[in-house]
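[1] need a structure here:
(4 chains)
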Amino acid sequence: MAEIKEAFRTSPFGKAGLAIVGIFIILAIVGPYIAPYDPWKTADEIEDILAPPSWAHPLGTDELGRDILSQVIHGTRITLIIGLSAAAIAVVVGTVVGVTAGYFGGVLDAMLMRITDSFLSMPFIVLAIVIVSLLGRSLGNIILAIGLVQWTQAARITRAQTLSIKERVFVLRARALGAGPFYIMRRHILPNVLPLVFANMTLVTSLAILSEAFLSFLGLGDPTKFSWGIIIRYAFETGAVSIGAWWYFLPAGICIMLVVLGFSFISNTLDEALNPKLRRGQVVI
Amino acid sequence: MRYLLRRLAESLVTVVLILTVTFFLFRVIPGDPARILIRGPGITREVIEHYERLFGLDKPLIVQFGLFVRETFRGNLGISFAYKIPVLELLVERMGNTLILLVPATALSILLGLFLGVLAAWKRGRPLDFALQVFSLGFWSIPTFWLGMILIMLFGRTFSTGGMITPGVEHGSLWSYFADLGKHMFLPALTLVLIMHGQYFMIMRSQLAEELTEPYTRTAKAKGLRAGRILRAHVVPNAMLPITTLIALNLATLVAGFITIETVFSWPGIGKLVYRAILMRDYPVLQGILIFLSLSIVLANFLADILYTVLDPRIRYR
Amino acid sequence: MERILSVKDLRVTYRTPAVAVEAVGGISFSLAPGEILGLAGESGCGKTSAASALMRILPHTAEIGGEAFIGGTEILSLPEEEMSKIRWRKIAMVFQNAQAALNPTKTIGYQIAEPLMIHLRYPRRRALEEAASLLARVRIDPKRLTDYPHQLSGGMRQRAVIAMALACRPLVLIADEPTTALDVMVQAQIIELLKELRDEYGLSLIYISHDLLLLAEICDRIAVMYAGLVVEVAPTGGLFQRPLHPYTRKLLGAVTVLGVRAQRLETIPGAPPRLAPPPPGCRFAPRCDRVSGACREGMPPLEPVGKGRRVACWNWRGEDVPS
Amino acid sequence: MSLLEVRELTVAYPVAVGLSAFFSRRYLVAVDHVSFSLPEGGTLALVGESGCGKSSTGLAVLGLLEHVEGEVLFRGRDVLRMREKERREFRRHAQIVFQDPYESLNPKMRVRTIVGEPLAIHRRRGETGRLKEALELAGLSPPEYFLDKYPHELSGGERQRVAIAAAVVLQPKLLILDEPVSNLDVSIKAGIMNLFRDLQDQLGLSYLFITHDLADAFFLADEVAVMYLGVAVEKGETDEVLSHPLHPYTEALLSVAPGSGREKLILAGDVPDPLHPPPGCRFHPRCPRARGRCSEEVPPEVEAAPGHRVRCFYVSRGERDPHLEEPKPIH
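    Predicted structure coming up:
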């Protein structure tokens, strides 16, 4: 814990990441209350169709005259929910697989690792595409699909960490005391694995947010919600690029970039803090 | 040798598992089991019956699975609803187009990423590292298609942005053909390089940063070697060893990038095909692409492991 | 007397944004040709920092102060470019963990030959021939030139590192705990080898170790360090017969000696002081049983107190005076 | 009666791991038919260089290793063949202190939890009195000051004392000390060595002291067993072994110990690869006394003097009897 605090105190990236993610989380919570319009409300006037930014519509309107700013604000919540829940599914599945494989070893480990390898070899976006197109384009299915394709990293990381902790002397001491495997996993392995799991979760969150954008862009987003990916998708379908309606797709993309960057900054800072080589090793050249 | 045999066995198990996952995805999840792969508008009764027989659709699942594996290894991935030709044919045709775009773009992003990664790790914690991290991670955080859209908006008039070549134009020489191709390729390739180099940057930076903490770098410095030589002769080659396998391991992450970039730039490759298949619910094509790409990645990983084994004396002489 | 190395007021400070740790607080010593000087002390006393400072291979966070002359050249203020020519030609080092000190993916031969190719511009082939004869000198079969570090045993690796250090015939060799990770038998082999090399090449050696008994076997003189400072320097025999600094006394009493059946070992209460920044007064005062008022006011200087002996203690006389 | 009686203990490690272990069954024999006994309240030191099997012996005695043969009798009951319940009881009486105090304490646990862990595992929760008592015994006072600290807040010596407190909190009979002072600075090590003496006097503990340092062994132990490549080559009372080493390996080992003042007998080369041990006497390739039969037959254990056993065909009696002689096997 001390090293994590220290890392965030000294790293500008860590601070920036926390700030960005913090702001977006607040936006996700209060968003619907501060959005100037109902994002679904279409315009009555023809001038309000695909209108560039103005005082009334700071980020302009879409092809139905809906307010883009409100869509982006509403999209914050959806995007973060998808990102965080998918990441939570992924790390829980991954941690269970990784710790089990690492601790028990042998045949069980070999089997679980082959399963992990096969998921790692399947391009996760295609896998997610298949799952969502087979299951249907709902928020839950999207979360499930992303979560089920992103667990492999967590599994590999936790397995490696479990293998190394299992060999640590304090585990041997616990065994000498007569502690059983579940006691050792709960009291000795998990507490030492969790910081890494947490670091991985921040990374997977950013990957999940990107994945959601990809799925939405390919037409597999939940059509009943505004996520940032879906806004860009609509912009693409409308031909916003060729007519130069930059205000349509620029804001959502910037939001994706900022949030993803924020989470990866946090993840990098955690990684550096938790990497014993980088923490203790000295560089002389 | 022993190690490679083990890796070969592991890769085979992985292949079987991939086929199993695919099989169950397409036959167990959908409400109408098994048949979504052979049904579709415009497919004749005879074709359907042929495939029902071939894949044993009235038999128990386990038999079906066996037939599925057999047919897959024969190269029979079914028939596309949309194009009405065997999926494999379609894939092979489109794969070429994808590779034309993807190979140079990937090679460039690996070179750029590794180079910047070396710089950043060497100057870790100093302003250059800071700037490079913002640059590389910043691009990494952008959805590919979005950057593509921006580039089209900004440079769409200078460079061609639809397809691989200008349709309807007769090219007098090979040279003018390549010039046209290059004009079409520039923006999608640039997008891919800008975005994809980030992951290689991060891999190299962290690998090299760890490697730099190894005491042998101190020995090298004590021996009177200058920093450039220490990096060139000792640290970078050592960091590159695990990176060969890490690059192969990360191949799967390229797919999202090229699928959407082909969609944005109407590049007639695998990615465009995926997009069409989603729109048309062309499940045989989706299944084929999933199998095809997964097996390619397994193969690439295996090859990278062989390379690693050959390159690293710690494994070679064990 | 002629000095091959003389160090004056060497300081090493590690600076981070938060703290500045003065790991070496101004030490001076010199080395005669062919002499083996022991640098003794417990972990964190600054002995490795001091040695690395002489090689100028400290991380960027370290700041080096003071002067060090090797054959008339002051090396601590040399530009990096010039310093890299001094390293290994004038002053070389053998590290504690040979396994880690060698590049795992380069052959032993290449690693020994490398400084010859760089410093003496030997062509590769000649450098490898020289490497083979160096290996033979440290009693490793020259056939193992093409072996990788992991193919050698621990003792062989350390001998290969010694061969590497000898490549350019340096004037001064620093051996930083070269046998700590090794078994006693291998340790004895290495010590034997180093003594031979000293006689053969007229090497001057700084031997760093926490093990006083081991230093007694190889060193002509021993400097005892505590909390970043040298507290006592003496010829080996004198130090063991009559240690003058209270810390040295305690340290010698704490060692288990084969054949000396002690009921209890001497212990030193407390812990070394934090060096960020170092406390005023004698750094050993809080743990010393001879402490007096003067000890709390100022750090005693390292003063000559007899033939070849120096000690940094206000009350070193205690009950007896050295002859 | 001895507290611990080890008979013909043999420990092997499978060489292949993972899936390939199914196909290949090669073993490395780390401990080869080692016997010794440890009286109640006594200390036996297992001495030898790295890879000689001394640590494996310690772990095998605690029943922590697989592929173990022979007998480990704790108060007459065989640890290797105990039922679960009996073994649990045994674990309460036999504890271990490891080498590296940085490694042997879980960094995420407070001292309270670490020292309380044995109580928790053996369902003796709530005995905080015991906890403080153990910390005091280990020389950590006042105990309240240490209870809520994390290992990284303590010095190396304090950590090792925490490990010792955790080892004595259940009031065991037997303590395996696995190189407990090898990673400590001299001044700290001395305190810990004294502490072992004190604990033995106060609690009547028996120690199996595993060390590579002969001087430490002779400081703490009543008896020593010198091991080489998995074999106990010489056993006897410490003073006897120190003054009259019989095995050539012991002689050499004693001579190279820094500060021994003996003439150095430096053996050339390295300890052979334990995967391919030499035939006959394992020491013969490096032995100055080796003759023909040494490379063919394994020397039996002989009692050369009362309580002084050695595995060598050609035992020298040193000053007592300058001639080489060949004592008869006792069996």
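[2] identify the residues contacting residue D:312.
    Listed by C-beta atoms under 8 Å, 6 or more residues apart in numbering or on different chains, the contact partners of residue D:312 are D:233, D:246, D:247, D:248, D:281, D:289, D:299. C-betas here are computed from N, CA, C, even on glycine.
[3] what helix or strand is the residue of chain B found nearest chain D located in?
    Nearest residue of chain B to chain D: residue B:6, at 6.2 Å (C-beta to the nearest C-beta). Using DSSP states H and E, the element containing residue B:6 is helix B:2-28.
[4] could you see whether chain A lies near that helix?
    Yes - against chain A, helix B:2-28 shows contacts by C-beta under 8 Å from any C-beta of the partner chain at B:10, B:13, B:14, B:15, B:17, B:18, B:21, B:25, B:26.
[5] restricting to C-alpha, output the worst-scoring helix or strand of chain C on mean pLDDT in PDB.
    Lowest on mean pLDDT, DSSP states H and E among the helices and strands of chain C sits helix C:293-297, with a mean of 86. Extracted in PDB, the C-alpha atoms of helix C:293-297 (Å, rounded to 0.1, in the frame of the first residue of the first chain):
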ATOM      1  CA  GLY C 293      30.000  14.200  26.600                       C
ATOM      2  CA  ALA C 294      32.300  15.000  23.700                       C
ATOM      3  CA  CYS C 295      30.900  12.100  21.700                       C
ATOM      4  CA  ARG C 296      27.500  13.800  21.400                       C
ATOM      5  CA  GLU C 297      29.000  17.100  20.200                       C
END
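[6] which residues touch the helix or strand that that helix is followed by?
    Following helix C:293-297 in sequence order, the next helix or strand is strand C:303-304 (DSSP H and E). Strand C:303-304 is contacted by residues C:310, C:311, C:312 when judged by C-beta under 8 Å, 6+ apart.
[7] nearest to residue B:102 among the residues you listed?
    Nearest to residue B:102 among the contacts of strand C:303-304, counting by C-beta to C-beta, is residue C:312 at 69.6 Å.
[8] the closest one: neighbour count?
    With neighbours defined by other C-beta atoms under 10 Å in any protein chain shown, the count for residue C:312 comes to 24.
[9] likewise the one 4 residues further on?
    Residue C:316: 21 surrounding residues under other C-beta under 10 Å.
[10] wait, doesn't it sit right on residue C:242?
    No - using C-beta atoms under 8 Å, residue C:316 makes no contact with residue C:242, being 10.6 Å away.
[11] close to chain D: what parts of chain A are there?
    Residues of chain A lying close to chain D by C-beta under 8 Å from any C-beta are A:2, A:105-107, A:109-110, A:168-170, A:172-179, A:183, A:187-188, A:191-192.
[12] pull out the buried residues from these.
    Applying 16 or more other C-beta atoms under 10 Å in any protein chain shown to those, the neighbour count classes A:105, A:109-110, A:168-170, A:172-179, A:183, A:187-188, A:192 as buried.
[13] quick one: residues contacting the residue nearest to residue C:3 when sequence neighbours are not counted.
    Nearest residue to residue C:3 in three dimensions, chain neighbours excluded: residue C:30, at 4.5 Å (C-beta to C-beta, 6 or more residues apart in numbering or on different chains). By C-beta under 8 Å, 6+ apart, the residues touching residue C:30 are C:3, C:5, C:6, C:7.
[14] neighbours around the first one, how many?
    When you say that, I think you mean residue C:3. Per other C-beta under 10 Å, the neighbour tally for residue C:3 reads 17.
[15] now residue D:307
    Residue D:307: 11 neighbours (other C-beta under 10 Å).
[16] measure it to residue D:7 for me?
    17 Å (C-beta to C-beta, to the nearest Å).
[17] what of residue D:74?
    With distances taken as C-beta to C-beta, residue D:74 is found 12 Å from residue D:7.
[18] and for residue B:112?
    Distance, residue B:112 to residue D:7, using C-beta to C-beta: 67 Å.
[19] what do you get for residue A:195?
    Taking C-beta to C-beta as the measure, residue A:195 falls 46 Å from residue D:7.
[20] of the two, who's got more company?
    More crowded of residue A:195 and residue D:7, by other C-beta under 10 Å: residue A:195, with 17 against 14.
[21] show the contacting residues for that one.
    Residue A:195 is in contact with A:4, A:270, A:274, counting by C-beta under 8 Å, 6+ apart.
[22] do that again at 6 Å, thanks
    Contacts of residue A:195 were listed using C-beta atoms under 6 Å, 6 or more residues apart in numbering or on different chains, and they are residue A:274.
[23] please identify the helix or strand for it.
    In the assignment (DSSP H and E), residue A:195 maps to helix A:190-217.
[24] okay then, goodbye and thanks.
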